[in-house]
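Colleague: how does the following fold in three dimensions:
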Amino acid sequence: MKVVSYFLSLGIFFSAFSCTNQNRISKTYDTGILLKLIDKRLQVAPLVAKSKWNTKVPIDDPIREKNILDSVEVKAGKLGVDKKFARNFFQAQFTAGKIVQKQLLEQWENQNQMPFNPVPDLGTQVRPVLDSLTPLLLIELEKIKPNSCRQESLDQLKIKSRQIINIRFDDHIVKTAVKPIEDYCKTRN
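Modeller: Numbers count the residues shown, from 1 in each chain. Below you'll find the model as predicted:
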């Protein structure tokens, strides 16, 4: 009887602990989806680089960036996402993507790379992929609330970013992509 009572007590304890732990977890934002979307966006950068290598188009496209950032601010406002946060986040995604592109173009320059064949069309095949990620990223940004900004959550973000984002993207690229989240959280604490 004591053994049954002991296991019953253990069961109640673990059930209570599990419920408490579940409540704590459900109140924090899981960054996994956001990091997967960042990774998907970065995965497109080599395609952009190949297209720009073949066409000799500059990596920087400030007019396109400004148009996208202005659009992001409008969409962010409609979703209740801090506009400055959204703009900074997407600017960081552009910057991270350009770092990837510059690394690749430098590598190809050193290797005397011939034009790539085939290469997806930047306007009709590559940019639509990037554009389709924008609303998904905004939806994930909307989920970041003050309780997501606890130090524990930010520490998890750093760890998970290296677990989820492809290892071919170096630490500098990953840090660039996630830094706006940390910056936003610092203003919330």
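
Colleague: the longest helix in the protein is where?
Modeller: helix 83-111 (DSSP state H).

Colleague: per-residue pLDDT of Leu154, please?
Modeller: Leu154 is assigned 89 on the pLDDT scale.

Colleague: ditto for Lys27
Modeller: Note on Lys27: pLDDT of 50.

Colleague: over to the one 10 residues further on?
Modeller: We have a pLDDT of 98 for Leu37.

Colleague: so where does it fall, helix or strand?
Modeller: Per DSSP states H and E, Leu37 falls inside helix 32-55.

Colleague: got the buried residues for stretch 35-50?
Modeller: Residues of stretch 35-50 classed as buried: 35, 37-45, 47-50 (neighbour count, 16 or more other Cβ atoms under 10 Å). C-beta: built from backbone N, CA, C; applies to glycine.

Colleague: turn the residues you listed into TSV, columns for distance to Leu79.
Modeller: Compiled in TSV, these are given as follows (distance: Cβ to Cβ, whole Å):
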residue	distance to Leu79
Leu35	19
Leu37	15
Ile38	18
Asp39	22
Lys40	20
Arg41	18
Leu42	23
Gln43	25
Val44	23
Ala45	25
Leu47	28
Val48	26
Ala49	31
Lys50	33
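
Colleague: nearest to Lys84, of these?
Modeller: If you rank those by distance to Lys84 using Cβ to Cβ, Ile38 comes first, at 18.9 Å.

Colleague: tell me who's in contact with the residue positioned nearest the centre of the chain.
Modeller: In the chain, the residue lying closest to the centroid (Cα atoms, centre = their mean) is Ile38, at 2.9 Å. By Cβ atoms under 8 Å, 6 or more residues apart in numbering, Ile38 lies in contact with Gln93, Ala96, Leu137, Ser161, Ile165, Ala177, Val178.

Colleague: packing partners of the longest helix of the chain?
Modeller: Packing contacts for helix 83-111, counted by 3 or more Cβ pairs under 8 Å, 6 or more residues apart in numbering; DSSP states H and E, involve helix 32-55, helix 62-79, helix 127-142, helix 171-188.

Colleague: and that helix, which residues are buried?
Modeller: Buried, per 16+ other Cβ under 10 Å, within helix 83-111: 85-90, 92-94, 96-101, 103-105, 108.

Colleague: now that helix: average pLDDT?
Modeller: Here the average pLDDT along helix 83-111 is 98.

Colleague: where in the chain is pLDDT low?
Modeller: Along the chain, segments meeting pLDDT under 70 span 1-28, 147, 189.

Colleague: nearest to Val81 among the contacts of Ile38?
Modeller: Taking those together and measuring to Val81 by Cβ to Cβ, the closest member is Leu137, at 10.0 Å.
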